[in-house]
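Engineer: 3D model of this:
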Amino acid sequence: MSDIDTSALRAQMGPATEAAVRIVREVPDDRLDAPTPCPDWDLRALVNHFLYWNACGETAARRRPPAGPGEDHDFTAEPGWADRFAEQAARTAAAWDDPAAWEGATSLTGGKDGMPASVIGGIVLSELVLHGWDVAAALGRDPGFPPGVLDAVWGHLVPTAEMGREFGAFGAEVPVPADAPLLHRVLGLAGRDPHWTP
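Structural biologist: The predicted model follows:
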């Protein structure tokens, strides 16, 4: 996986972040108990997962251990939580804009061994799209990801999706026609049903 095209991933981190922030800002507080495409999570649990791991994306880029509340923290209980996500996501995107962030190895959990930084950066980018879609789907909305973002995430997932399944991050691949829209193919590869509705 050392031959991953990091230039494409790096170039799309900002646009993917902007799209994810827009989607998260659309979540009304009275919909946080809504179902999501993630079977075990309502919208509150999904958003909390998204916020926590996006922050870990920043610390991974900066080669620091995760800081702040743990994954069991309810970020949505705090006033202005969507604004906090926007601020954090901007810091994470800025951290990955540094070419040095993509070199060597790093870890989202602060582990010593880690993985190639190109894989971790790709995971951060993919989470923006996959969880961004999860949130949008829970609200019945179009996520509106730019084509370049989807191209970059597809390029990352094709060689890494099976690893994601091994680690329990993705479910079984959902068959999607080869001529389906790229977003549908991305979702199917990551174990999501592109036609899921609340």
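Engineer: what about the strands in the protein?
Structural biologist: With DSSP state E, the ranges of strands along the chain come out as 105-106, 115-116.
Engineer: pLDDT of the longest helix seen in the chain, averaged?
Structural biologist: Ranked by residue count and defined by DSSP state H, the top helix of the chain is helix 117-139. The average pLDDT for helix 117-139 rounds to 97.
Engineer: what does stretch 8-15 give?
Structural biologist: Mean pLDDT, computed over stretch 8-15, is 97.
Engineer: what comes up buried for that stretch?
Structural biologist: Of all the residues in stretch 8-15, those buried under the rule 16 or more other Cβ atoms under 10 Å are 8-10, 12-13, 15. (C-beta placed from N, C-alpha, C; glycine too.)
Engineer: for the residue nearest in space to the middle of the chain, which residues are in contact?
Structural biologist: Closest residue to the average C-alpha location of the chain: residue 127 at 1.1 Å, with Cα atoms, centre = their mean. Going by Cβ atoms under 8 Å, 6 or more residues apart in numbering, residue 127 touches 50, 53-54, 57.
Engineer: by neighbours, which of those residues wins?
Structural biologist: Scoring these on neighbours with other Cβ atoms under 10 Å, the highest-scoring entry is residue 57 at 29 neighbours.
Engineer: turn the contacts of residue 127 into a markdown table, columns for distance to residue 167 and pLDDT.
Structural biologist: Listed next are those as a markdown table, based on distance: Cβ to Cβ, whole Å; pLDDT from 0 to 100:
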| residue | distance to residue 167 | pLDDT |
| --- | --- | --- |
| 50 | 18 | 97 |
| 53 | 13 | 97 |
| 54 | 18 | 98 |
| 57 | 16 | 98 |
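Engineer: just these now: which is nearest residue 170?
Structural biologist: Residue 170 has its nearest neighbour among these in residue 53, at 14.2 Å by Cβ to Cβ.
Engineer: spatially nearest residue to the closest one, not counting backbone neighbours?
Structural biologist: residue 127 (6.0 Å; Cβ to Cβ, 6 or more residues apart in numbering).
Engineer: that older thread, which two of the contacts of residue 127 have the greatest separation?
Structural biologist: Using Cβ to Cβ, the pair of the contacts of residue 127 lying farthest apart is 50 and 57, separated by 10.6 Å.
Engineer: re earlier: so which of the strands of the chain is the most packed in?
Structural biologist: When you average the neighbours per residue for each of the strands of the chain (mean count of other Cβ atoms under 10 Å), strand 105-106 leads with a mean of 20.
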